[in-house]
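Visitor: build the 3D model from these lines:
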Amino acid sequence: MTVLRCIRPDKIVQAVTNFVEEKLGRHFIEPPPFNIATCFQDSNAIMPLIFVLSPGADPMAGLLKFAEDKGFGGSKFNAISLGQGQGPIAKKMIESAAEDGSWVALQNVHLAVSWMPQLEKICEDFSPETVNSNFRLWLTSYPSPKFPVTVLQNSVKMTNEPPTGLKANLYQSFTTDPVCDSKFFEGCPGKEQVFEKLLFSLCFFHAIVQERKKFGPVGWNIPYGFNDSDLRISLQQLQLFVNEYSHIPLNAVTYLTGQCNYGGRVTDDWDRRCINTILKVYYIEDVVHDNKYKFSPSGSYYAPPPGSYDSYIQFIKNLPSSQLPEVFGMHDNVDISRELQDTKQLFEDLLLTQAQSGGGGAGGSSTEQKLTDVATDILSKLPAAFDIDEAVEKYPVKYEESMNTVLVQEMERFNRLCGVIRSSLLNLQKAIKGLVTMSESLEKVAGSLLVGKVPELWSKNSYPSLKPLGSYVTDLVARLKFLQTWYDNDKPTCFWVSAFYFNQAFLTGVKQNYARKYTIPIDKLDLDFEVLPVDDIDTHPDDGAYVKGLFLEAARWDNKKMSLAESLPKVLYDAVPVIWLKPAIQTEISTEGKYVSPVYKTSARQGQLSTTGHSTNFVLAINLPTIKPQKHWVLRGTCLLCSLDD
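Guide: Modelled structure (predicted):
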């Protein structure tokens, strides 16, 4: 596996799975079936039952049904969703239920961090003498570092992972409420074809949005917790509208499903574009009128002709157990990206199990020497700090040249970052020699350096980067060299756009130069784009700026056709030629025949919401010429990246 790790890291997880199955047995790689009844038998009145939540799984419907079956429905079952101010109410519910022998369910315990110590005390005070033997305390919570350890240790823990694979997702949708209820399934008399076809399409859509999460940022920028509740309300609305209208109310159900039920969870604008594009594949009239409307280019997945409930179940059982990326509208390369991400996560989790600090003796000396060598090597590569006073004198603030200000501000930002790196490494060296105390922050820096990760202290003061330590330092030195070359030789003819700490300042500077040159209000301007068939250029444009250093993910650039094209097999990223940023009046910029591609700083795509209303990882949107329709690239998850992970 060590050799495989070097040549095909994407196959490591499968290799580890095969190894565990061979050495320990198959039951170690297959999760046991979820069974509330079995867990209930292992519990007692003073032992809480905890549902460890995962995105896409909602145990409450199953718990409510189980409570009914056990005779604890209605007034004998009390549930409350924890949040601000709900703690005292929950405490009273528990005290009352412990006395009369009813059940209490506290949902989303992870949201009540301040109340967790109180919960711990309540559970510690439980005793067989004071608690009714019929009492049960049910808790639901996402994993949280603040969750009381004693409650975890003295409880029955359960987790219900959502089904994996389109087949399993569809089967679950059709075998749970409301679809499995014959009254609901046959609830549109005279309109069976319309309702059943759209019902199947909606269930397929639900499976697609769930399964896209496994592709990481290519699937969704943010992994949303779509669950059965979203499907249930969408199905009920679909039935209501089909019965109420004589025509197919596609606009209404599309809006409610895409913008409200599922879209209500979506906080990223590009994800919202994606989910509405996906929905338009399944909520169209062709689904109703075509007895075998294809959901995938190969035709492996399609909407079956109307029939009985059992015929749909049989159709789902006959579907392929595993699916190709084509059914999601994605390229085959996305499987490699997913497997690489799984491998990265596996090794990160493994590193968490290792001791973070070296012991004494020979092992400790070896660790200290290694840390000293790493710190010395990084310090030797860092150039001296930029002289800001000299930079301001050489590149003063000019009305007609905003790039002078951009350069000086970038130098200041990188000086701060390099200052943090330099001081932490120097202090670490002193701590190893015993000259200063090894503080907690220095221990964390040392732990990261030992495993080749960028220390958290640096990341807090750095531009976004997913690179490992060695690549991060190399990249940082290259960025510093870019700024030094700019300082030494005047403004570059072609800017390495990825080198900027704060890219938006550069982009604003480009527009500001144009606005001041032609006396146009800057808020009426935006950037238009032209991809040039060259990798570098040695002349300045009349207006705007030439930029390079971007990479396409989930597509490539075809220099012959001068448009987007499909990725080559096993080539995950493609370097983009020089792009000319051309400021223009907003109303004069056309996006016809172009794909509006978001540009991100890293492949994670996800970031914090900034004051601009965009993610901190988002840079801008670039219009790229395309022969295929825009929805093709939206489903592909195509975007531009400023830097790669290696």
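
Visitor: run a quick neighbour tally on residue 147.
Guide: Residues near residue 147, counting by other C-beta atoms under 10 Å, number 19. Any C-beta I mention is one placed from the backbone N, CA and C, and that applies to glycine too.

Visitor: for it, give me its contacts.
Guide: 109-110, 116, 141 (C-beta atoms under 8 Å, 6 or more residues apart in numbering).

Visitor: partners of residue 294 in the sheet?
Guide: residue 302 (DSSP bridges).

Visitor: quick check: closest non-adjacent residue to residue 510.
Guide: With C-beta to C-beta, 6 or more residues apart in numbering as the criterion, residue 510 has its nearest non-adjacent residue at 4.9 Å, and that residue is residue 545.

Visitor: ditto for residue 477
Guide: Residue 477 sits nearest to residue 381 (C-beta to C-beta, 6+ apart), 5.5 Å away.

Visitor: quick revisit: report how many residues lie close to the residue nearest to residue 510.
Guide: Residue 545 has 25 neighbours, counted by other C-beta under 10 Å.

Visitor: out of everything not next to it in sequence, what's closest to residue 172?
Guide: residue 163 is the one closest to residue 172 (C-beta to C-beta, 6+ apart), at 5.0 Å.

Visitor: separation between the residue nearest to residue 510 and residue 507?
Guide: Residue 545 sits at a distance of 9 Å from residue 507 (criterion: C-beta to C-beta, to the nearest Å).

Visitor: between these two, which contacts overlap?
Guide: Joint contacts of residue 545 and residue 507 (C-beta under 8 Å, 6+ apart) are residue 581.

Visitor: thinking again about what came up before, so the residue nearest to residue 172 touches residue 174, yeah?
Guide: No: contact criterion C-beta atoms under 8 Å: residue 163 and residue 174 do not qualify, at 11.7 Å.

Visitor: if we can go back for a sec, residue 480 is in contact with the residue nearest to residue 477, correct?
Guide: No: with contacts counted by C-beta under 8 Å, residue 381 stays clear of residue 480, the gap being 9.7 Å.

Visitor: who has more neighbours out of these two?
Guide: residue 480 (23 against 12).

Visitor: which SS class is the more buried one?
Guide: helix (DSSP: H, G, I helix; E, B strand; the rest coil).

Visitor: which ones are touching it?
Guide: Counting by C-beta under 8 Å, 6+ apart, residue 480 has contacts 382-383, 414, 418.

Visitor: out of the residues you listed, which are buried?
Guide: 414, 418 (16 or more other C-beta atoms under 10 Å).

Visitor: other SSEs contacting the strand or helix carrying residue 253?
Guide: Under the criterion of DSSP states H and E, residue 253 resides in helix 250-255. Under the contact criterion of 3 or more C-beta pairs under 8 Å, 6 or more residues apart in numbering; DSSP states H and E, helix 250-255 touches helix 228-244, helix 269-282.

Visitor: for stretch 95-102, what is the average pLDDT?
Guide: Confidence for stretch 95-102, expressed as mean pLDDT, is 93.

Visitor: next one: stretch 40-57
Guide: 87.

Visitor: ends of that stretch, what's the gap?
Guide: Start to finish, the residues bounding stretch 40-57 are 19 Å apart (C-alpha to C-alpha, to the nearest Å).

Visitor: which intervals of the stretch 51-200 of the chain have sub-threshold pLDDT?
Guide: 56 (pLDDT under 70).

Visitor: let's see it at 80
Guide: 55-58, 160-164 (pLDDT under 80).

Visitor: run through the helices of it in chain order.
Guide: Ranges of helices within the stretch 51-200 of the chain are 60-69, 87-100, 116-124, 149-153, 166-174, 182-185, 192-211, based on DSSP state H, counting those that start in this stretch.

Visitor: of all the ones you listed, which lies closest to residue 13?
Guide: helix 192-211 (17.5 Å; C-beta to C-beta).

Visitor: packing partners for the closest one?
Guide: Looks like helix 192-211 contacts helix 166-174, helix 228-244, helix 269-282, helix 285-289, strand 302-303 (3+ C-beta pairs under 8 Å, 6+ apart).

Visitor: who's in contact with residue 127?
Guide: Residue 127 touches residue 46, counting by C-beta under 8 Å, 6+ apart.

Visitor: as JSON lines, the helices of the stretch 51-200 of the chain with mean neighbour count and distance to residue 639 would be great.
Guide: Converted to JSON lines, the helices of the stretch 51-200 of the chain look like this (neighbours: other C-beta atoms under 10 Å; distance: least, C-beta to C-beta, whole Å):
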{"stretch": "helix 60-69", "mean neighbour count": "16", "distance to residue 639": "36"}
{"stretch": "helix 87-100", "mean neighbour count": "16", "distance to residue 639": "43"}
{"stretch": "helix 116-124", "mean neighbour count": "16", "distance to residue 639": "39"}
{"stretch": "helix 149-153", "mean neighbour count": "12", "distance to residue 639": "40"}
{"stretch": "helix 166-174", "mean neighbour count": "21", "distance to residue 639": "24"}
{"stretch": "helix 182-185", "mean neighbour count": "13", "distance to residue 639": "40"}
{"stretch": "helix 192-211", "mean neighbour count": "23", "distance to residue 639": "19"}
